[in-house]
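Undergrad: Provided below for reference: sequence and predicted model.
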Amino acid sequence: MAQGMKRLGTPIAALLGVALIALIATSWLINRDALRKAVEAQIRDVTGLELNVAGNIDISVLPASYVSFHDVGLKGGGTSDPALHVDVLTANLRLLPLLLQRFEIADLTLLRPHIHVSLKPDGESNWTPFIQTIARTMKPGAENQVSFSEIRIQDGVLNYEDAATHATEKFEDIDLSLAWPSISRSFAATGQFDWRGERVDGSISFSDFVAALSGDRSGLKARIASPPLKLAFDGSVANRTSPMMEGTLTIDSPSLRNALRWTGQPQPGSGGFGRFALKARANVVGASIALTNVNVELDGNAAEGVMTYANNGRQTLQATLAADTLDFTPYISTFRLVASGARDWNRQLFDLNGLSTTDLDMRLSAARLTVGPTKLGRTAIGANLRNGTLALSVGEAQVYGGIAKGSFGIARSDTVADIKAQFQFTDVDLQACATELFGLNKLSGRGNINVSLLASGSSPFGLVQSLDGSATVTGHDGAIAGFNAEQLLKRLERRPLSGGGNFRSGSTPYSNLIIALKFSDGVATAEDIRIEGPAAKITMTGTASVPAREYDMKGVASLNTTSGFELPFVVQGPWDDPLILPDSDVLIRRSPFGAQLLKKDGQTGDTVRSVIEKITGVKRPAPADQPTAENAKESAKDNAKSN
């Protein structure tokens, strides 16, 4: 075997020696000018780009066979500006054809290329002639078959501009490897580039590159991976009259808000829009994307359905989604009607920019919905945003143990929001509903609430200052916390001057409740307030200031007994802790001792009344039939004159 290897090695060594001698001879005998012209012609025939070499030209045969052009501009399509400018363009040559004095390019290396892509309003670009030439040369039977096996781009820059939309983009530090389909029909490109401050890994492959360049149908796989966003597409592409894509689309982002910021899209609101994932069957036609079999996840909320997105000068999103559980708390967490840690309304200005950038038409249904502290059952919601006007409609929602329906609208006028709300709550828990909607926690029972409100302002405080509309509440089988009207009235009926030590404790049960309010410029006027219980009845009139969150009302409480004892009272002070005081005059008059004092001379009556006013804190005018001290003196003088 050893002798056989020696005998075989001798001719191999001789062959290699002959090849080496041939290479050396070729390097001496090669016509470098012909080599340069052949390489330029092949690049021109393959790409359709004309080389304009302004720098040196380096030619090497041994040890490496290549031609390097310095400071190269490539033009095409009759454009004056170069579509591609390269600091150094190196064409590596195939060795065996070179020995036969044939110059064939194996691959190209573009060092620091500057690529310019300009999209015209008609959809054509300055690279259209290049693409057409590539498609012609790669077709079977073409005279000049493409022979490049690879094109490498190192440290490149790409500038893109759209003449129709005036959009511009810049991609820097591009490092790509393009696997040119010299033998197979497929094409693949992989590499990295910098875009908007982030490093992006990307890859794209066509199963039939010639068909893709010609606009015919071809398989397409694309992947983009960056810190803000990951995107993958697996399907097919065609471009006959307009670009069309069909396949599976997958998007993943640790923060949708950061991804939107990175891609230059408007950011909705100031809360939520974190973890995002989407997988769907995509059908792309031009600037429109239709998604079916959608599985989308956002901030822990998962839903299924269909979506459509279009960007024809204005972004439009349409969606119909269904979910088991949804939590809207992240999207309203930064919105507060009442200032944090205070009783005053929030005066922070609204951010209404999100209403002017995108049109939205969404229908959403969920088996369970959470909005802050509110828990809803099966809910159907519609949202429509168009030209800065947002309209929300609730078809039906199971909330507060009952059913809610209604609509809510926001129209933007510069920095001012015009609000319109109409809601109907049927057979709901009044305590939960009134606490969360109006901040009133002293009402319990079940009933119906109808609200119709209009407001305009640049902050929650501005809205309540201009509040107009009406609200009605009808309830049954509940109670009003803070006082026990029956016990109080019975005690005061027996002992009118016994005081109100327990006046603000307990609760007043009712069988029927009617509250009708009219709002005008932030002031609620009581049109009809009646509370009817098994032992007592209360009626009230007056106003409540919504901006100040204070009551200024009066009423009459009466016992449902044969005596029919009635007691006027006033309600004043803040909503969450109002001051309720009885009418002192009535109590004094019902007391035998107080009545005797008031019947004495005016000075004594005034003194008693003054003491009562200090105790109760309520100042009352003297009754018409009870003369004051000054009136008593004047009456005495008149009587003396008449006598």
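TA: Nice, I can see it.

Undergrad: Tell me if residue 45 really is in a helix.
TA: Yes - under DSSP: H, G, I helix; E, B strand; the rest coil, residue 45 falls within a helix.

Undergrad: How many residues are close by it?
TA: 16 (other CB atoms under 10 Å). C-beta coordinates here come from the backbone N, C-alpha and C atoms, glycine included.

Undergrad: isn't it right next to residue 136, touching?
TA: No - contact criterion CB atoms under 8 Å: residue 45 and residue 136 do not qualify, at 9.8 Å.

Undergrad: so who does residue 466 touch?
TA: Counting by CB atoms under 8 Å, 6 or more residues apart in numbering, residue 466 makes contact with 455-457, 521-522.

Undergrad: And the pLDDT at it?
TA: The per-residue pLDDT reported for residue 466 equals 94.

Undergrad: Kindly report the same for residue 23.
TA: Listed pLDDT for residue 23 reads 56.

Undergrad: Tell me which stretches of this structure form helices.
TA: Remark: helices assigned in the chain by DSSP state H are 2-29, 32-47, 95-99, 128-138, 209-214, 256-262, 329-332, 430-438, 460-465, 485-494, 584-590, 592-599, 602-616, 629-642.

Undergrad: avg pLDDT for the fourth one?
TA: pLDDT averaged over helix 128-138 equals 75, rounded to a whole number.

Undergrad: Which strands and helices lie in contact with it?
TA: helix 32-47, helix 209-214 (3 or more CB pairs under 8 Å, 6 or more residues apart in numbering; DSSP states H and E).

Undergrad: chain center to it, what's the gap?
TA: 43 Å (CA atoms, centre = their mean, to the nearest Å).

Undergrad: Any buried residues in that helix, and which?
TA: 129-131, 133-138 (16 or more other CB atoms under 10 Å).

Undergrad: What is the nearest of those to residue 173?
TA: residue 130 (23.1 Å; CB to CB).

Undergrad: Pick out the shakiest of the helices of the chain, pLDDT-wise.
TA: helix 629-642 (a mean of 46).

Undergrad: And the residue nearest to the spatial centre of the chain, how close does it get to residue 315?
TA: Centroid-nearest residue in the chain, with CA atoms, centre = their mean: residue 268, separated by 3.1 Å. Distance of residue 268 to residue 315, computed by CB to CB, to the nearest Å: 11 Å.

Undergrad: what's in contact with stretch 202-218?
TA: So stretch 202-218 is contacted by 131-132, 134-135, 138-139, 181, 185-193, 219-225, 236-240 (CB under 8 Å, 6+ apart).

Undergrad: Can you tell me which of those residues are classed as buried?
TA: 131, 134-135, 138, 181, 187-189, 191, 193, 219-220, 222-224, 236-239.

Undergrad: where does the stretch 301-450 of the chain have low pLDDT?
TA: 333-343, 353-357, 438-439 (pLDDT under 70).

Undergrad: Which residue ranges of it form strands?
TA: 301-311, 315-327, 358-371, 374-386, 389-399, 402-413, 416-429, 443-457 (DSSP state E, counting those that start in this stretch).

Undergrad: Deepest-packed of those, please.
TA: strand 443-457 (a mean of 19; mean count of other CB atoms under 10 Å).

Undergrad: For it, which strands pair with it and how are they oriented?
TA: strand 416-429 (antiparallel), strand 468-481 (antiparallel) (DSSP bridges).

Undergrad: between the last one and helix 430-438, how big is the angle?
TA: In this structure, strand 468-481 runs at an angle of 140 degrees to helix 430-438, with axes from the mean of the first three to the mean of the last three CA atoms, to 10 degrees as the basis.

Undergrad: Now do the residue nearest to residue 44 when sequence neighbours are not counted, the pLDDT please.
TA: Closest residue to residue 44 apart from its sequence neighbours, by CB to CB, 6 or more residues apart in numbering: residue 50 at 5.8 Å. On pLDDT, residue 50 comes in at 78.

Undergrad: what's the neighbour count on residue 50?
TA: Residue 50 has 13 nearby residues by other CB under 10 Å.

Undergrad: so it touches residue 83, yeah?
TA: No - taking contacts as CB under 8 Å, residue 50 lies outside contact range of residue 83: 10.2 Å.

Undergrad: Would you mind giving the contacts of residue 466 as CSV with distance to residue 209 added?
TA: What follows is the contacts of residue 466, written out as CSV (distance: CB to CB, whole Å):
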residue, distance to residue 209
455, 61
456, 60
457, 60
521, 70
522, 69
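
Undergrad: Make CSV out of those residues and add pLDDT and distance to residue 388.
TA: Listed next are these as CSV, based on pLDDT from 0 to 100; distance: CB to CB, whole Å:
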residue, pLDDT, distance to residue 388
455, 94, 17
456, 93, 14
457, 91, 16
521, 94, 25
522, 93, 25
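
Undergrad: with the residues you listed in mind, which one is nearest to residue 350?
TA: residue 457 (8.3 Å).

Undergrad: Quick one: residues contacting the residue nearest to that closest one when sequence neighbours are not counted.
TA: Residue nearest to residue 457 in three dimensions, not counting chain neighbours: residue 463, with 4.1 Å by CB to CB, 6+ apart. Residue 463 sits next to 417, 419, 455-457 when contact means CB under 8 Å, 6+ apart.

Undergrad: Residue 443 too?
TA: Contacts of residue 443 (CB under 8 Å, 6+ apart): 430-431, 434, 475, 478, 480-481, 513.
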